[in-house]
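**Student:** I'd like to go over a predicted model; first the sequence, then the structure.
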Amino acid sequence: MGSQFSPIENGNLGVNSKMDKMTRRTFLGAGTAVAAIAVGQFGSSKAAARQAPAIRVAQSDQVVNLYSSRHYDTDQALYDSFTAATGIRVNLIEAEADPLIERIKGEGANSPADVLMTVDIGRLWRAQQEGLFQPVNSSVLNQAIPENLRHPDGLWYGFSKRARVIMYNKSNVNPSQLSTYEDLVDPKWRGQVLTRSSTNIYSVSLTASMLAAHGPQETEAWVRGLVANFARPPEGNDTAQLQACAAGVGDLALTNTYYLIRMAKSDKPEDRAVAEQVTIFFPNQRDRGTHVNISGAGVVKTSRNKEAATRFLEHLASRESQEIFAQGNNEYPVVEGVALDPILASYGSFKGDPVNAAVIGENSAEAIRIMDRAGWV
Ligand code: FE
């Protein structure tokens, strides 16, 4: 049985070992019937599909193949509740977004992917540019999800928001000293700003939001000023920035909020100590608002399961799923009225930058060029 799955599990296109494990777990957990369907779907040719269309459709309607770069175990609750509600199983293929995009491209017309899900607008945009999505017209999705968090033609939808904020060391900074992303270039912050590298999509999206607000010249000057204030050459993920901020390597860190909440809830005392030393400042509350990224998904162009895939997206926009996003990974729900995680809520509410996520995606390539030129490594 194991060898039958090897083409999927090996993933030929740079899919990591964690994904192998997740895929195996999902397949074995799904049971023999679904495994047989999946093998048929992955293994058969177009010609075979034409020979027995009725059977294939009936079978494939029972499973949604989800290619996801979300790496949170709590997402399993989203899939389980979808299966409980619809009888449709979710077959998870988990990897980083770029390998997943390459994999769908490589699979071409025979791609088994029904839904592609990413953790940021930059990768959704890239998949859109590659022509990997098909439009979905769903009044459920259009009513539940604010207009600025979805593609105008339904190519992708945001299902959770992530605020990229200024974190600060409570011993060294008074929040009255903080105001905006723009202010981070002030010489008073020389040697104090911690951030991850410009190769990280969160950094790219933040710069893309500056481009939307200020245009290329001012954005390049801002990046140069930010680089001049770096506490150290960018290294590590958002958690590493929070640890360095707590340790006094720099007083300010640019990170997403859920990294701090995760540390606040950690069973490791050293994580909780970081969360006690560092706290959230929501920038730009007096003008456009704090930069917000989305984790989102779209239906893959070659999906033979558009109806089931659309139902899956609609399920992600349900109150039940939005609560899982909020509780599971401490993200901000996109649907109005869904409660935040209580610890996240204790940091207060904020105004988010209303710029359309599509504009952030569109600006990404120029943001990368500007960061390269301005020395954000
Ligand atoms: Fe993240």
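**Tutor:** Everything's here; your move.

**Student:** only C-alpha atoms for contact and neighbour calcs from this point on.
**Tutor:** Fine.

**Student:** Strands along this structure, start to end?
**Tutor:** For the chain, the strands defined by DSSP state E cover 63-68, 89-94, 115-118, 133-134, 157-169, 193-194, 252-256, 278-281, 292-300, 332-333.

**Student:** so which of these is the most packed in?
**Tutor:** Mean neighbours per residue, mean count of other Cα atoms under 10 Å, is largest over the strands of the chain for strand 193-194, with a mean of 30.

**Student:** For it, give the mean pLDDT please.
**Tutor:** Mean per-residue pLDDT for strand 193-194: 98.

**Student:** Which neighbouring elements make contact with it?
**Tutor:** In terms of contacts (3 or more Cα pairs under 8 Å, 6 or more residues apart in numbering; DSSP states H and E), strand 193-194 is packed against helix 238-246, strand 252-256.

**Student:** who wins for proximity to residue 367 among these?
**Tutor:** Smallest distance to residue 367 across the helices and strands packed on strand 193-194 (Cα to Cα): 16.7 Å, for strand 252-256.

**Student:** Within the sheet, what are the partner strands of the closest one, with directions?
**Tutor:** Partners of strand 252-256 in the sheet, by DSSP bridges, are strand 157-169 (antiparallel), strand 193-194 (parallel).

**Student:** could I get the strands of the chain as JSON lines with distance to residue 246?
**Tutor:** Shown next, in JSON lines, are the strands of the chain (distance: least, Cα to Cα, whole Å):
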{"stretch": "strand 63-68", "distance to residue 246": "32"}
{"stretch": "strand 89-94", "distance to residue 246": "32"}
{"stretch": "strand 115-118", "distance to residue 246": "30"}
{"stretch": "strand 133-134", "distance to residue 246": "42"}
{"stretch": "strand 157-169", "distance to residue 246": "6"}
{"stretch": "strand 193-194", "distance to residue 246": "11"}
{"stretch": "strand 252-256", "distance to residue 246": "9"}
{"stretch": "strand 278-281", "distance to residue 246": "6"}
{"stretch": "strand 292-300", "distance to residue 246": "24"}
{"stretch": "strand 332-333", "distance to residue 246": "24"}
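
**Student:** Check the gap between residue 147 and residue 348 for me.
**Tutor:** 24 Å (Cα to Cα, to the nearest Å).

**Student:** more neighbours, the two?
**Tutor:** For the pair residue 147 and residue 348, the greater number of neighbours falls to residue 147 (15 against 10), based on other Cα atoms under 10 Å.

**Student:** Not counting sequence-adjacent ones, nearest residue to that one?
**Tutor:** Once flanking residues are discounted, residue 147 sits nearest to residue 356: 7.7 Å by Cα to Cα, 6 or more residues apart in numbering.

**Student:** out of the strands of the chain, nearest to residue 377?
**Tutor:** Using Cα to Cα as the measure, strand 193-194 is the one of those that comes nearest residue 377, at 12.6 Å.

**Student:** which residues are in contact with the closest one?
**Tutor:** Strand 193-194 has contacts (Cα atoms under 8 Å, 6 or more residues apart in numbering) with 184, 226, 229-232, 234, 241, 244-245, 250-254.

**Student:** State the pLDDT value of the residue nearest to the spatial centre of the chain.
**Tutor:** Per Cα atoms, centre = their mean, the C-alpha nearest to the average position across the chain is that of residue 119, at 1.0 Å. pLDDT recorded at residue 119 is 94.

**Student:** same check, this time on the one 10 residues further on
**Tutor:** At residue 129 the predicted local confidence, pLDDT, stands at 96.

**Student:** what do you get for residue 40?
**Tutor:** 34.
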